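# I need the structure of the sequence given here:
(one chain, ligands or ions: 1)
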Amino acid sequence: MTPRASLPSRIPPARRGPVGRGPRVGVVGLGYVGIATGVAFAAHGTRVVGYDVQGARRDQVARGDSPIYEPGLDRLLRRVVRAKRLTVASHVAELVGESDLLFVCVPTPSAPDGSVDLRFVEEAVGDLALVLRKAPGWKAVVVKSTVVPGTTEGLVREVLVRESGREIGPRLGLAANPEFLAEGSLVADALHPSRVVIGCSDRRTARMLRAAYRGFPSPVVELSPTAAELVKYASNAFLASRISFANEMAALCEATGTDVDAVMQAVGMDPRLGPRFLRAGPGFGGSCFTKDLRALLAAAGARGVELPLSEAALTVNERQPRHVAELAERLLGDLAGKEVALLGLSFKADTGDVRESRAYPILEELLRRGARVRLHDPRSLDAFLESLPPPLHGRISREILPMRTLREAVEGADLAVIQTDWKEYVRAGPAIWRSLRGPGVLDTRRCLYPRTLRAAGKVYAAVGRPPPALPAAEDPEAGRSPGDLRKPAISR
Ligand code: UDX
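Model prediction:
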């Protein structure tokens, strides 16, 4: 993920002369990755054609209407559609006919054993290959979906050659080109990637990909397809390990009466380490880290390679929701019969995505201890409820209580647990927290202002901070803002 760059207020001008010069881009799969990729190429001046197997999604994107919530995406999509830089094909043959580089951006979910399920990649490449059999001119298939090392040169090549009847060579190219997009900053990450990693075994595809990315302000790294695929997994495994490391330190900070943000900030000042992805919290969620770690472990295991560090990153992450429930117990004692407000269901703020959100295991831990749990999220309550597994779904309205407003969720609850650092929670005034029946708030993200809780006469407890001294009014730390705590006094 690149630092949040500001989103353009206008489409950047085409940098290589008129739109349409250079390779034409086709995008298969109009989910997070496909839409962001298409919009970014279009915004940088390339002609883009998108395609998705779902007709409703094709129609929606063709209207310039984003099927996913992501800051800035709606506006930019509308602009590139209006400018006819991004169009949508109604079938694969049309997509292939109008594109030179065919980016495969379909999902690669987890199989039940944790390995990567390549079914959609296989289907998408198979569909493209059948059209490529008869398509005139040079074309290349570019795998942007996250696939385990060896997939492009193995399964993808095999399907492509078999179904198209063409060899990889003068008329057909093949490449891996992983993305590093993070939700919440999808558009900025797509427009300004920290690096463009191109994995090609033939020169022409490498040249064409470089030409397609010419308008992007990003360094290009050329590797083999398998090395490019590995860069994606290594990046995610390393980022996830940093978060788990911060969470491990958070537990030690709680036990030693220290503040994890102050400690990790000073750690991150070492230029060899850098400050990012050292924020302790409820553990990492989202569609990538857990899935990719599991897939990496399975792929390495299949080759007889052990990855104990990556395995530990997952183990620490799986333990963190239990730790959150234990912190709740420290505040409330036995949770049986207590009512806890779980605030924030998205896996992080600024996204409506609930995939692998830590809210699921935290909810389970609280229920297992006998609590009734009120659920609130400014954006993703419905998505969260819909995706609850059947045994939990059956408990909605009994032990699981969906709440439409923050006030409804908090008023009369025994404890509020912040899972996502939504602005609505950070900005909530003392009146909201005063309406709690119980002692206060457990902030897994340390995003609230302790002084707000103090003003409400409530206790502020957090992951990675010493347990609060009750009552809050006597807590000397309570007046410090999260900003103060994140920025310890630094003198030069
Ligand atoms: C991630 C990678 O950043 C991206 O490069 C990759 O392509 C896909 O996976 P994403 O899952 O969208 O992106 O979000 P990210 O911002 O990386 O956060 C992942 C999870 O880690 C979230 O639950 C977030 O809250 C958590 N996190 C992140 C922390 O707990 N602490 C941190 O310091 C950073």
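# Kindly report the residues of the stretch 301-450 of the chain close to the ligand.
Counting by Cβ under 6 Å from any ligand atom, the stretch 301-450 of the chain comes close to the ligand at 347-348. Every C-beta, even on glycine, is put in place using the N, C-alpha and C of the backbone.
# Just the helices from the stretch 301-450 of the chain, written as ranges.
308-332, 359-368, 381-386, 390-393, 406-410, 423-427, 430-434, 450-455 (DSSP state H, counting those that start in this stretch).
# The shortest one: which residues count as buried?
When burial is assessed from 16 or more other Cβ atoms under 10 Å, helix 390-393 yields the following buried residues: residue 392.
# what do you get for the last one?
Of the residues in helix 450-455, those with enough neighbours to count as buried (16+ other Cβ under 10 Å) are 450-455.
# can I get the residues you listed in JSON lines with pLDDT?
Shown next, in JSON lines, are the buried residues of helix 450-455 (pLDDT from 0 to 100):
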{"residue": "450", "pLDDT": "95"}
{"residue": "451", "pLDDT": "96"}
{"residue": "452", "pLDDT": "97"}
{"residue": "453", "pLDDT": "97"}
{"residue": "454", "pLDDT": "95"}
{"residue": "455", "pLDDT": "97"}
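# nearest to the ligand, of those residues?
Among the buried residues of helix 450-455, residue 450 lies closest to the ligand (Cβ to the nearest ligand atom), at 20.1 Å.
# Tell me where the stretch 1-150 of the chain is predicted with low confidence.
For the stretch 1-150 of the chain, applying pLDDT under 70 flags the ranges 1-21.
# Now do the strands for it: every range, in order, please.
Ranges of strands within the stretch 1-150 of the chain are 25-28, 48-51, 86-88, 101-104, 139-143, based on DSSP state E, counting those that start in this stretch.
# looking at these, which is buried most?
Most buried of these by mean neighbour count (mean count of other Cβ atoms under 10 Å) is strand 25-28; its value is a mean of 29.
# which other residues reach that strand?
34, 37-38, 41, 46-52, 89, 92, 95-96, 98-106, 124, 127-128, 212 (Cβ atoms under 8 Å, 6 or more residues apart in numbering).
# quick one on the thing from earlier: a markdown table for the strands of the stretch 1-150 of the chain, including distance to the ligand?
Below are these laid out as a markdown table (distance: least, Cβ to the nearest ligand atom, whole Å):
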| stretch | distance to the ligand |
| --- | --- |
| strand 25-28 | 17 |
| strand 48-51 | 20 |
| strand 86-88 | 22 |
| strand 101-104 | 15 |
| strand 139-143 | 14 |
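# want to throw those strands into TSV with distance to residue 58?
TSV is the format used below for the strands of the stretch 1-150 of the chain (distance: least, Cβ to Cβ, whole Å):
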stretch	distance to residue 58
strand 25-28	11
strand 48-51	7
strand 86-88	5
strand 101-104	16
strand 139-143	20
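# Show the contacting residues for the closest residue in space to residue 432 that isn't next to it in sequence.
Nearest residue to residue 432 in three dimensions, chain neighbours excluded: residue 410, at 5.5 Å (Cβ to Cβ, 6 or more residues apart in numbering). By Cβ under 8 Å, 6+ apart, the contact list for residue 410 reads 341, 343, 416, 432-433, 435-436.
# one step back: least confident of the helices of the stretch 301-450 of the chain, on average?
Of all those, the minimum mean pLDDT falls on helix 390-393 (a mean of 92).
# now for that helix, which elements pack on it?
helix 359-368 (3 or more Cβ pairs under 8 Å, 6 or more residues apart in numbering; DSSP states H and E).
# Report the buried residues of the helix it packs on.
So, applying 16+ other Cβ under 10 Å, buried residues of helix 359-368: 359-367.
# With stretch 151-159 instead?
By 16+ other Cβ under 10 Å, the buried positions in stretch 151-159 come out as 151-153, 155-157, 159.
# any chance of the residues you listed in CSV, plus secondary structure, pLDDT and distance to the ligand?
CSV is the format used below for the buried residues of stretch 151-159 (DSSP: H, G, I helix; E, B strand; the rest coil; pLDDT from 0 to 100; distance: Cβ to the nearest ligand atom, whole Å):
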residue, secondary structure, pLDDT, distance to the ligand
151, coil, 98, 17
152, helix, 98, 17
153, helix, 97, 21
155, helix, 98, 21
156, helix, 98, 20
157, helix, 98, 24
159, helix, 98, 24
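# measure residue 235 to residue 292 for me?
9 Å (Cβ to Cβ, to the nearest Å).
# One more: residue 178?
11 Å.
# Please apply the same query to residue 177.
For residue 177 relative to residue 292 (Cβ to Cβ), the value is 16 Å.
# Quickly check the contacts of residue 410 for the two that are furthest apart.
343 and 435 (13.3 Å; Cβ to Cβ).
# In this structure residue 37 contacts residue 189, no?
No - Residue 37 lies out of contact with residue 189 (Cβ atoms under 8 Å); the separation is 10.6 Å.
# Can you give me the neighbour number for residue 381?
Neighbour count of residue 381, defined by other Cβ atoms under 10 Å: 19.
# ok, it - contacts?
By Cβ under 8 Å, 6+ apart, the neighbours of residue 381 are 345, 375, 402-404.
# Quick check: the two most widely separated of the residues you listed?
Checking the contacts of residue 381 with Cβ to Cβ, the most distant pair is 345 and 404, at 12.8 Å.
# what is in contact with those two at once?
With Cβ under 8 Å, 6+ apart as the test, residue 345 and residue 404 both reach 376, 381.
# which one of these two has more residues nearby?
A direct count of neighbours by other Cβ under 10 Å for residue 345 and residue 404 places residue 345 higher, at 29 against 10.
# Give me the buried stretch members for the biggest helix by length in the chain, please.
Ordering each helix of the chain by length in residues (DSSP state H) puts helix 225-256 first. Within helix 225-256, the residues that count as buried by 16+ other Cβ under 10 Å are 225-226, 228-233, 235-237, 239-251, 253-254.
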